[in-house]
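J.: Predicted model and sequence below, questions to follow.
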Amino acid sequence: MPKISPVSAMLVAQLPHVKVETFTLHSTHLNREVQVDLYMPRFDLNLASMVIFNDGQDLVTMHFEEILEGLYDRLQLQPLVCVGVHCGPERIQEYGMTVGPDFKGRGAKAGEYQHFLLEELLPEIYRHYLEGITVKETAIGGFSLGGLNALDLAWNNPDLFKKVGVFSGSLWWRSKDKTDREFNENSSRMMHQQIRNSSKKQGLRFFFECGELDEKEDRNNNGVIDSIDDTIDLLRELLKKGYLEGPDFSYLQLPDGKHDVPTWARSLPFFLRWGWGR
């Protein structure tokens, strides 16, 4: 069973409303040490929601604790425990889809990453940090490939994850290369296919963000970059499943948004207020 060494836990920031602790957890499933940052409200709480973020190192870069501090200071956010999971050297293998790897064999360890989150990380957080706190709901989010993985985890574990945030998600993830003669947008994009071929996940809600400067690729030459096309097409799949824009999902498209940390930092307050605003 994984253990958190008392030596490995360290308080790295303490603001009026937010404290940040970082610890290192050994994962048997991933066969590596995983750095985790825990953003906790400093005020007394016995009821809170929790959101896990892939690519927790990006939260450090954007000074996520200051984003939370501002929302709490303006009374715009309910109590929220945020967990930033740093990626490892095999990020492109761990942040895929559990159904299997893409056409290049990427994402082969997505199943192991899911086991790490569910069987190692969450139990340790509950045991060491959430004693006496009732978790109202759990959510997950991520950026780029981490966003694809977050959506896959939420879709396949709807009893646990009630909300998911996808920022510049790698929704192009496909079983065949776009240059392959058999490539078809409907059948080759793996997340779209997974949603199309499975039942609606009752109670699951979605937040998507994409920037109009996210990339330059336009594989179907329709004048719309692929990242927006892929996101809009996935929203259409959700509509076909019976999800409704507004009650069930929200889409933020930033005209000057790029595929970078500053854009995601600007987007996060929208996501946090959407999910847990006062």
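T.: Sure, I can see it.
J.: Quick one: distance of the helix or strand bottoming out on mean pLDDT in the chain to the chain centre.
T.: Taking mean pLDDT, DSSP states H and E as the measure, the chain has strand 10-14 as its least confident helix or strand, at a mean of 78. With CA atoms, centre = their mean, to the nearest Å as the basis, strand 10-14 stands 23 Å off its chain's centre.
J.: So which bits of that strand are buried?
T.: The neighbour-count check on strand 10-14 (16 or more other CB atoms under 10 Å) flags residue 13 as buried. Just so you know, the C-beta spots here come from the backbone N, C-alpha and C atoms, and that holds for glycine as well.
J.: Just the residues contacting it, thanks.
T.: Contacts to strand 10-14, defined as CB atoms under 8 Å, 6 or more residues apart in numbering, come from residues 19-23, 37, 42, 65.
J.: That strand: partners in the sheet, and parallel or antiparallel?
T.: Strand pairing for strand 10-14, determined by DSSP bridges: strand 18-27 (antiparallel).
J.: can you list contacts of the strand or helix carrying residue 269?
T.: Assigned by DSSP states H and E, residue 269 belongs to helix 261-276. Residues outside helix 261-276 that contact it (CB under 8 Å, 6+ apart) are 49, 51, 58, 61-64, 67-68, 70-71, 76-78, 80, 139, 141, 143, 163, 165, 167-168, 205, 207, 209, 211, 250, 252, 254, 257.
J.: related to what we said a few turns ago, can you tell me which of the contacts of strand 10-14 is closest to residue 173?
T.: Nearest to residue 173 among the contacts of strand 10-14, counting by CB to CB, is residue 37 at 26.4 Å.
J.: returning to that earlier point: give the rounded mean pLDDT of the helix holding residue 269.
T.: If you average the pLDDT over helix 261-276, you get 98.
J.: Would you mind writing the CA trace of it as CSV?
T.: Only the C-alpha atoms of helix 261-276 are listed here, as CSV (Å, rounded to 0.1, in the frame of the first residue of the first chain):
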residue,chain,number,x,y,z
VAL,A,261,-0.8,28.1,-19.7
PRO,A,262,-1.7,31.8,-19.6
THR,A,263,-4.9,31.0,-21.6
TRP,A,264,-5.9,28.2,-19.3
ALA,A,265,-5.2,30.4,-16.3
ARG,A,266,-7.7,32.9,-17.7
SER,A,267,-10.2,30.1,-18.3
LEU,A,268,-10.1,28.5,-14.9
PRO,A,269,-12.2,31.1,-13.1
PHE,A,270,-15.0,30.5,-15.6
PHE,A,271,-14.8,26.8,-14.9
LEU,A,272,-14.6,27.2,-11.1
ARG,A,273,-17.5,29.6,-11.0
TRP,A,274,-19.5,27.4,-13.4
GLY,A,275,-19.0,24.4,-11.2
TRP,A,276,-18.9,25.7,-7.7
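J.: any residues touching stretch 122-129, and which ones?
T.: So stretch 122-129 is contacted by 2, 4, 21, 25, 38, 40, 50, 81, 83, 135, 138 (CB under 8 Å, 6+ apart).
J.: Looking at the residues you listed, which one is closest to residue 196?
T.: The closest of the contacts of stretch 122-129, once distances to residue 196 are taken by CB to CB, is residue 138, at 25.7 Å.
J.: how about the closest one, secondary structure?
T.: State at residue 138, reduced to three classes by DSSP: H, G, I helix; E, B strand; the rest coil: strand.
J.: Next, find the distance separating the residue lying closest to it once chain neighbours are set aside from residue 129.
T.: Using CB to CB, 6 or more residues apart in numbering and skipping the chain neighbours, the partner closest in space to residue 138 is residue 50 (5.0 Å). Taking CB to CB, to the nearest Å as the measure, residue 50 falls 10 Å from residue 129.
J.: Quick check: buried residues in stretch 267-278?
T.: By neighbour count on 16+ other CB under 10 Å, the buried set for stretch 267-278 is 267-272, 275-276.
J.: ditto for stretch 105-115
T.: Under the neighbour-count criterion of 16+ other CB under 10 Å, stretch 105-115 has 106-107, 109-115 buried.
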